[in-house]
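Asker: Here is my input; please provide its structure:
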Amino acid sequence: MERISQTREDKFMELIIYLILAIIICFALYPLLFVISASISSPEMVLQGKVWLLPKGTTLMAYFAVFDDPAIMTGYKNSIIYTFVGVAVNLVMTVAGAYPLSKKDFWGRNIITIFFTITMFFSGGLIPTYILIKSLHLYNNFWVMILPGAVSMWNLIIMRNYFQHSIPIELHEAAYMDGCTNIGTLLHIVLPLSKPILAVMVIFYGVGHWNAFFNAMIYLSDSKKFPLQLVLRSILLKNEMSAMTGGNGDASGDQLLLAESLKYAVIVVASLPVIVLYPLMQKYFVQGAMVGAIKG
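Answerer: Residues are numbered from 1 along each chain as shown. Model (predicted):
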C-alpha cells in the first residue's frame with residue numbers, strides 16, 4: 001500500500017495534538033507521582049513543601065507503619081472479600097437479568113426494562129433505605145455491603161446490548177436445534193463469547209466495591225468489618241484533627257509527622273489493586289465498552 005504523504009499543515013496539526021496529549025498526561029500523572037513521592041519522603045520535607053515531584057529524604061517508615069497497623073490490614077482484607085464476593089454476585093445477577101431481556105421473543109421485555117430503568121432516576125431515599133436494611137436484619141451484617149448494590153441497571157443495559165447485538169442469532173438457533181436449553185446456551189455459547197463485556201463488568205463493579213465507603217459508614221458499626229476506604233477516611237480525619245489542635249510535646253509531634261506520611265502511604269496501598277487491574281483488562285475493556293454502549 002502506498003503511504004499517503006502528509007502536508008506541512010498535517011504535520012503541524014499532528015504536533016499540536018501530541019503536545020496537547022502530553023500536557024493532559026502530565027496533569028493526569030502528576031497527582032499520582034506526588035502521592036508516591038510523598039509516601040516515601042521525609043515527613044518534614046513534605047510538611048515544608050519541598051516535595052513536589054521527586055522524593056526527598058527517602059524513608060519507608062510509613063509503609064512499615066501501614067503493614068504493622070492491624071486496623072489497616074483488617075480493612076484491606078475486608079475490602080478484598082467485599083470486592084470478590086460482590087463482583088461474583090453482581091456478575092450472576094447482571095447476566096441473569098440481561099440475558100432474558102436480550103431475547104427478542106421474551107414477552108414483556110420492554111415493559112420490564114422500563115420498570116428497571118426507573119430505578120436509575122428515582123430511589124427510596126436514605127432514611128427509607130436505612131429502615132429497610134434494619135427490617136431485613138442486614139445492619140452491621142457482611143451482606144449489607146453486597147446485596148443493596150447487587151445489580152446496576154446501567155451495567156445491565158450495557159450487557160443486554162452486548163448479548164443482543166454481538167452474539168449472532170444463528171448461534172442460538174443452532175444450539176436449539178442441537179437440543180440445548182436456554183441455560184445451556186447461556187453457559188456454553190453466550191458466556192464464552194462474552195469475555196470483553198464480562199471484563200468491563202468486573203472493572204465497573206470491582207472499582208465500585210473497592211472504593212465503597214458510604215454504605216459501610218451508614219450500615220456498619222463494628223470496626224472489624226470496616227473496608228479499607230473507611231479506615232483511610234478515619235486516618236485522614238485524625239490527621240486533620242491533629243493538625244488543627246497541634247502537637248503537645250515530642251511524642252505528639254512525631255505522631256503528627258508519621259500521620260502525614262501514613263496518609264500518602266495508605267492512599268498508594270489502597271489504589272494499587274485498581275492500578276494493576278486496569279492494564280490487565282484494558283484490551284477487553286475497550287472492546288466491550290464500545291460494543292455494549294454504542295449498539296442499543
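
Asker: Okay, buried residues for the host helix or strand of residue 14 please.
Answerer: Using DSSP states H and E, residue 14 sits within helix 8-39. Buried residues in helix 8-39, counted by 16 or more other Cβ atoms under 10 Å: 34, 36-39. (C-beta placed from N, C-alpha, C; glycine too.)

Asker: likewise stretch 182-197?
Answerer: Under 16+ other Cβ under 10 Å, the buried positions of stretch 182-197 are 185-186, 189-191, 194, 196-197.

Asker: next one: stretch 155-173
Answerer: 155-164, 166-167, 172.

Asker: Put together CSV for those, with pLDDT and secondary structure on each row.
Answerer: Output for these, formatted as CSV (pLDDT from 0 to 100; DSSP: H, G, I helix; E, B strand; the rest coil):
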residue, pLDDT, secondary structure
155, 90, helix
156, 92, helix
157, 89, helix
158, 88, helix
159, 90, helix
160, 90, helix
161, 87, helix
162, 87, helix
163, 88, helix
164, 86, helix
166, 82, helix
167, 82, coil
172, 81, helix
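
Asker: Flag every buried residue along the helix or strand following the helix holding residue 14.
Answerer: Next in sequence after helix 8-39, counting helices and strands by DSSP H and E, comes helix 43-47. Buried residues in helix 43-47, defined by neighbour count with 16+ other Cβ under 10 Å: 43, 45-46.

Asker: which other helices and strands contact helix 43-47?
Answerer: The criterion is 3 or more Cβ pairs under 8 Å, 6 or more residues apart in numbering; DSSP states H and E, and the helices and strands that helix 43-47 contacts are helix 250-294.

Asker: any idea how far residue 265 lies from residue 130?
Answerer: 34 Å (Cβ to Cβ, to the nearest Å).

Asker: Which one's more surrounded, these two?
Answerer: Neighbour tally, residue 265 and residue 130, criterion other Cβ atoms under 10 Å: the higher count belongs to residue 265, 26 against 14.

Asker: ok, now which ones touch that one?
Answerer: Applying Cβ atoms under 8 Å, 6 or more residues apart in numbering to residue 265 gives the contacts 39, 62-63, 65-66.

Asker: Out of these, which two sit at the greatest distance?
Answerer: 39 and 65 (10.9 Å; Cβ to Cβ).

Asker: Mutual contacts of those two, please.
Answerer: 261, 265.

Asker: Pipe the buried residues of stretch 182-197 into a markdown table and attach distance to residue 230, secondary structure and pLDDT per row.
Answerer: Formatted as a markdown table, the buried residues of stretch 182-197 follow (distance: Cβ to Cβ, whole Å; DSSP: H, G, I helix; E, B strand; the rest coil; pLDDT from 0 to 100):
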| residue | distance to residue 230 | secondary structure | pLDDT |
| --- | --- | --- | --- |
| 185 | 42 | helix | 87 |
| 186 | 37 | helix | 88 |
| 189 | 42 | helix | 86 |
| 190 | 37 | helix | 88 |
| 191 | 34 | helix | 89 |
| 194 | 34 | coil | 86 |
| 196 | 33 | helix | 83 |
| 197 | 31 | helix | 87 |
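
Asker: So which of those residues is the closest to residue 27?
Answerer: The shortest approach to residue 27 among the buried residues of stretch 182-197 belongs to residue 196, at 29.4 Å (Cβ to Cβ).

Asker: how close does the closest one get to residue 114?
Answerer: Residue 196 is 27 Å from residue 114, by Cβ to Cβ.

Asker: Can you classify residue 175 by secondary structure?
Answerer: Recorded secondary structure, residue 175: helix (DSSP: H, G, I helix; E, B strand; the rest coil).

Asker: Please name the residues that touch it.
Answerer: By Cβ under 8 Å, 6+ apart, the neighbours of residue 175 are 184-185, 188-189.

Asker: Repeat that for residue 209.
Answerer: 79, 82-83, 86-87, 145.

Asker: Just the element for it, please.
Answerer: Residue 209 belongs to helix 195-211, assigned by DSSP H and E.

Asker: Which strands or helices does the next helix or strand along the chain from that helix pack on?
Answerer: Once the chain leaves helix 195-211, the next helix or strand it forms, by DSSP H and E, is helix 214-219. Helix 214-219 sits against helix 126-135, helix 228-245, with contacts defined as 3+ Cβ pairs under 8 Å, 6+ apart.
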